[in-house]
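Q: Here's my sequence, what's the structure:
(one chain, ligands or ions: 1)
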Amino acid sequence: MTTATTGRTALRGVVGTAHTRVEGRDKVTGAARYAGEIPFAGLAHGWLALSTVARGRIRSLGTESVLGMPGVLAVLHHGNAPRVDTHYIGALGFPPDPTAALFQQDRVHHVGWPVALVVAETPEQAREAAEALVVEYDVEPHDTRLTAGHPGAHPADGVLPAVTGKGDLTAGLAASAVVVDEEYTTPEEHHSMMEPHAATALWDGGRLEVVDSNQGTTWVQSELAKMFSLDESAVRVRSEHIGGGFGSKGLRAHQVAAVMAATELQRPVRVVMTRRQMFSLAGYRSPTTQRVRLGADADGRLRALEHRALSQTSTVHEFVEPSAGVARVMYDAGAHHTANHVVPLDVPSPTFMRAPGEAPGSFAIESALDELAERCGIDPVELRLRNEPAAGPVSGLPFSSRNLDACFREGARRFGWAGRDPRPGTRRDGRWLLGTGTAAASFHAGAGPSTAAVTAEADGGFTVRISAADLGTGARTALTLVAADALEVAPDRVRVRIGDSDFGPATIAGGSMGTRSWAWAVTEAGRELRERLAPGTAIPPEGITVRSDTTALVGALAQKERHSFGAQFAEVAVDTATGEVRVRRMLGIFAAGRIVNPLTARNQLVGGMVWGISMALHEEAVRDRASGGLYAPDLAGYHVATNADVGDIRADWVDDPDPDDPVGIKGVGEIGIVGAAAAVANAVAHATGVRHRHLPIRPDRVLSAAAARTGAAGA
Ligand code: MOS
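A: Purely as a prediction, here's the structure:
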């Protein structure tokens, strides 16, 4: 028996100070194991076979010859797989994506639809057999092309209502001195996280265990329990280390495949997606086509705003990329209309991808704002400051805090925006045309209910247990600092254990809500434990544990517009002879709540900005209309920005503690990408005098735009 020594020494607190990742050593030495590399005795390996046609029916599967191949243990398909429940409503409020609810039908709904799982003793044997499996289809004509006037388009709610509207748009536009009416498009984009999806399933004493890489262990636990009609307590999901998620790592085909096979064979089965399989099984960001109409007085004040966005979904699952939602937060006007429409096509289901809605939506609206600034002859920063709303443009609710103006003022000062010549095409550096651009950013700052347990251990340490997920973001480290402050002890006395559904319900690592939601629960439990541990309190060998549940506290939050904000600045160099665009400098200044760990928060923000560069210049998955599949679905054919594409990139923040959060946190997971592509595109317009409304700004697009301009000038 030892006694409590929660020193009252660490009064200044460690939240807000830089700490390297607590698991950093484990990661660089390889001691940290990822889902696909954890050893299990008697492990079998499953390999998914995917359809090569976009639409039709499976006529036959040549399973017989495959079953005779070396090491093959089973082939699961629609004819022999267990029936599962596909009609339940999952934790996020939606039914499961049938692409993940495997082998329940003989119909094929897109190229890359899972048609069979081959299980074998080794991954090589499983792959060999899956590739040898002959599948015959009755093929039907398919439609995989998103077009602005598609007859299948309809307004659709997703996480946001489909449509909002107030005021007379036609009258507002007619009364405006300056009008912008343009169409913007963004292509299909993929999450492309480093670690592919991987799961191992096994039955252990009547309990299903799944070792996975996901954004919420209790989320995947509850989905699997519902799908397989099991009690939640009979399912345990673990996910200790994760190599990125970005919205893609929820319930997917690999976990379901592993569970089916482990049940069938009564031994552990692992299923790992290949990089190519991820391009049809892991979700993606839908392409968008967006029309923005802005009407303003000569001084730039908005009278009319319309943002209509169209995205695609699969024919079996409705996911809406809510691009038109941004203006509901960012800009007000007497006439204000927004709408999200979706078209079902014979394509894989899209899903949440970093800043769903805000990322493509901000490209359109922040480009349109830049065009408006140009036409009004007003500085783009000034135009945004003039249009700062006093309350939520659609909701009318007050903002919990809105420090966008502080971001723009600080960003403009640090970037050296003052004195910018607004005329395009006037700055040169040898063969390069130079330009600068800016854009605003916002992202929802929410909190979700979570439970946590904090234990005072007999050895003087403290253990935190919470079903949090660290996607590589540094969440584990952030929670260590938060717990240390709640307990008023040094962080090296705190051990944070996460990624295990047995720790109880918690919010997922998603919607930029993870750290805030978990920190709240950890703070509640930590503070109560500290109060309980009067100096000299005897600590028994099993420790003293305090549990928290923030459901009531989070539910009691007043209705407000709660968001992080940011100002993005970019400087580009454009070679109009080769079409090359280089981002020389980028600066993002954010108002994103209290920053728990500046080191990892800056990583997050810069990472989002790099995605913005990538979105502006590189990323594009191209669908072949004839086959319905993607050209070159791999990381050679799909370029994601790397070091060579990124110049001097900086992220910083202004003071912006959330007044309604016990730690002051908002969230930094997604806001870094918002507005980033628009800032780059606006800089390209400033450099060249040519506006690119279709992403990515590829060399061929720069060249043909320059050629069209020269042609027009010569004519
Ligand atoms: Mo994020 S798209 O909510 O993982």
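Q: F590 and D648, how far apart?
A: 18 Å (C-beta to C-beta, to the nearest Å). For glycine as for every other residue, the C-beta is placed from the backbone atoms N, C-alpha and C.
Q: of these two, who's got more company?
A: Taking neighbours as other C-beta atoms under 10 Å, F590 and D648 compare with F590 leading, 32 against 10.
Q: so what's that one closest to, chain neighbours aside?
A: G566 (4.0 Å; C-beta to C-beta, 6 or more residues apart in numbering).
Q: hang on, isn't the one you found packed against A441?
A: Yes. The criterion here is C-beta atoms under 8 Å, and G566 meets it with A441 at 3.6 Å.
Q: Now for these two: what residues contact both?
A: Residues touching both G566 and A441 comprise 588, 590, 671-672, 674-675, with contact defined as C-beta atoms under 8 Å, 6 or more residues apart in numbering.
Q: mind listing which of the residues you listed are in strands?
A: Among those, the members falling in strands (DSSP state E) are 588, 590.
Q: Which of the shared contacts of G566 and A441 ranks first by neighbour count?
A: Ranked by neighbour count (other C-beta under 10 Å), these have G675 at the top, with 36 neighbours.
Q: so what's A484 closest to, chain neighbours aside?
A: Closest to A484 by C-beta to C-beta, 6+ apart is P491, at 4.1 Å.
Q: Quick check: that neighbour touching T20?
A: No. At 11.3 Å, P491 does not count as touching T20 under the criterion of C-beta under 8 Å.
Q: okay, now whatever residue of the chain ends up closest to the ligand: neighbour count?
A: For the chain and the ligand, the shortest gap (C-beta to the nearest ligand atom) falls at G247, measuring 2.7 Å. G247: 24 surrounding residues under other C-beta under 10 Å.
Q: OK, contacts around it?
A: Contacts of G247 by C-beta under 8 Å, 6+ apart are 191, 215, 283, 351-354, 356, 510.
Q: Can you tell me which of those is closest to F408?
A: Nearest to F408 among the contacts of G247 is R354, at 23.0 Å by C-beta to C-beta.
Q: what's the closest non-adjacent residue to the closest one?
A: Nearest non-adjacent residue to R354, counting by C-beta to C-beta, 6+ apart: F246, 4.7 Å away.
Q: three-state assignment of the one you found?
A: The three-state label given to F246 by DSSP: H, G, I helix; E, B strand; the rest coil is coil.
Q: related to what we said a few turns ago, and P491 and T20? which has more neighbours close in?
A: For P491 versus T20, the count of surrounding residues by other C-beta under 10 Å is larger for P491: 22 against 12.
Q: Quick check: the more buried one vs I665, distance?
A: For P491 relative to I665 (C-beta to C-beta), the value is 17 Å.
Q: and what of R584?
A: Distance from R584 to I665, by C-beta to C-beta: 33 Å.
Q: between those two, who's got more neighbours?
A: For R584 versus I665, the count of surrounding residues by other C-beta under 10 Å is larger for I665: 27 against 16.
Q: which ones are touching the more buried one?
A: I665 neighbours (C-beta under 8 Å, 6+ apart): 515-516, 519, 593-594, 596, 658.
Q: you'd agree R57 is up against V115?
A: No. Using C-beta under 8 Å, R57 is not in contact with V115, being 10.8 Å away.
Q: shared neighbours of these two, which are they?
A: Contact criterion C-beta under 8 Å, 6+ apart; residues shared by R57 and V115: V108.
Q: Name the residue in the two with the higher neighbour count.
A: Using other C-beta under 10 Å, the more surrounded residue of R57 and V115 is V115, with 23 against 14.
Q: Next up, the contacts around the more buried one.
A: 49-51, 58, 61, 77-78, 103, 108, 135.
Q: which one of these has the most neighbours?
A: That'd be V108 among the contacts of V115, by other C-beta under 10 Å, with 27 neighbours.
Q: Which residues of this structure lie near the ligand?
A: 215, 245-247, 352-354, 356, 510-511 (C-beta under 6 Å from any ligand atom).
Q: wait, V454 sits on L533?
A: No. Using C-beta under 8 Å, V454 is not in contact with L533, being 10.6 Å away.
Q: neighbour-wise, which of those two wins?
A: More crowded of V454 and L533, by other C-beta under 10 Å: V454, with 30 against 19.
Q: name the helices or strands packed onto the regular element (helix or strand) spanning the more buried one?
A: In this structure, V454 sits in strand 451-456 according to DSSP states H and E. For strand 451-456, the packing partners by 3 or more C-beta pairs under 8 Å, 6 or more residues apart in numbering; DSSP states H and E come out as strand 462-465, helix 475-487, helix 514-532, strand 544-549.
Q: Name every strand pairing with that strand and say which way it goes.
A: strand 462-465 (antiparallel), strand 544-549 (antiparallel) (DSSP bridges).
Q: pLDDT (mean, whole number) over the first one?
A: Per-residue pLDDT values over strand 462-465 give a mean of 98.
Q: can you give me how far it is from the chain middle?
A: From the chain centre to the centre of strand 462-465 is a distance of 28 Å (C-alpha atoms, centre = their mean, to the nearest Å).
Q: Break the protein down into its structural domains.
A: Listed by automatic domain parsing, the domain ranges of the chain are 2-32+448-554, 397-447+557-715.
Q: What helix or strand is I595 located in?
A: Under the assignment here (DSSP H and E), I595 is part of no helix and no strand.
Q: Thought A452 was touching T545, still the case?
A: No. Counting by C-beta under 8 Å, T545 stays clear of A452, with 10.4 Å between them.
Q: Got the phi and psi for R698?
A: phi -80, psi 160 (degrees, to the nearest 10).
Q: burial count for it?
A: Applying other C-beta under 10 Å, I find that R698 has 16 neighbouring residues.
Q: How confident was the prediction at it?
A: 98.
Q: circling back to that earlier point, quick check: the two most widely separated of the contacts of V115?
A: L50 and H78 (13.6 Å).
Q: quick revisit: can you say which of the residues of the chain next to the ligand are buried?
A: Buried subset of the residues of the chain next to the ligand (neighbour count, 16 or more other C-beta atoms under 10 Å): 215, 245-247, 352-354, 356, 510-511.
Q: which one among those gets closest to P161?
A: Nearest member of these to P161, counting by C-beta to C-beta, is P356, at 15.0 Å.
Q: Identify the residue spatially nearest to that closest one, adjacent ones excluded.
A: P356's closest residue in space is E321 (C-beta to C-beta, 6+ apart), at 6.0 Å.
Q: Look up how far G357 lies from the one you found.
A: From E321 over to G357 the distance is 6 Å, taken as C-beta to C-beta.
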